[in-house]
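>>> got a predicted model here, sequence first, then my questions.
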Amino acid sequence: QVQLVESGGGSAQAGGSLRVSCAASGRTFSSYAMGWFRQAPGKEREFVAGIRRSGGSARYADSVKGRFTISRDNAKNTGYLQMNSLKPEDTAVYYCAADPVRVGWPVVWDYWGQGTQVTVSS
């Protein structure tokens, strides 16, 4: 199994940028697809972005397309979410997730980090 630890959250002004990271330990990071999710107060957790094992393919929620970029460095066992043009509605706890799916995208992600807070002020 794999353990995930997020870092890099914080506060930003609307229009600003932040990058959150997800450090993986345990089994080989490249054996897992990686995803980012977020949960705002009073709302359900939602998918933000996902990236396949090799980093060759990614997908995004419509709400973040063109603003957020997911990436990974398998040599460093770390994944990233670069967030640009931030909006107050991006305020949430951001979680990274991993799943050993080989084909397609996970329906249920097996492993989760503890989350990191991102706050965007107007």
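Structure's in. What do you need?
>>> so who does the residue nearest the centre of the chain touch?
Closest residue to the average C-alpha location of the chain: W36 at 2.4 Å, with C-alpha atoms, centre = their mean. W36 makes contact with 20, 22, 48-50, 70, 79, 81, 94-97, according to C-beta atoms under 8 Å, 6 or more residues apart in numbering. Heads up, the C-betas are built off the backbone N, CA and C, glycines and all.
>>> which two of these have the greatest separation?
V20 and G50 (14.6 Å; C-beta to C-beta).
>>> ok so, going back, which one of the contacts of W36 is nearest S7?
Of all the contacts of W36, V20 has the smallest distance to S7: 7.0 Å, by C-beta to C-beta.
>>> for that closest one, give me its contacts.
Going by C-beta under 8 Å, 6+ apart, V20 touches 6-9, 36, 80-81, 83, 94, 96, 116, 118.
>>> repeat that for G79.
Counting by C-beta under 8 Å, 6+ apart, G79 touches 21-22, 24, 29, 34, 36, 51, 70-73, 96.
>>> of the residues you listed, just say which sits nearest to Y60.
When the contacts of G79 are compared for distance to Y60 (C-beta to C-beta), I70 wins out at 7.4 Å.
>>> pretty sure the closest one sits against S57.
No - contact between I70 and S57 fails when scored by C-beta atoms under 8 Å: they sit 10.5 Å apart.
>>> who has more neighbours, those two?
Higher neighbour count among I70 and S57: I70, with 22 against 11, using other C-beta atoms under 10 Å.
>>> and the spatially closest residue to E6 that is not a sequence neighbour, what pLDDT?
Closest residue to E6 apart from its sequence neighbours, by C-beta to C-beta, 6 or more residues apart in numbering: T116 at 4.1 Å. pLDDT, T116: 97.
>>> quick one, phi/psi of T116?
phi -140, psi 140 (degrees, to the nearest 10).
>>> one more: K76?
phi -100, psi 0.
>>> relative to S21, how far out is it?
10 Å (C-beta to C-beta, to the nearest Å).
>>> that older thread, next, the residue nearest to the centre of the chain: secondary structure please.
strand (DSSP: H, G, I helix; E, B strand; the rest coil).
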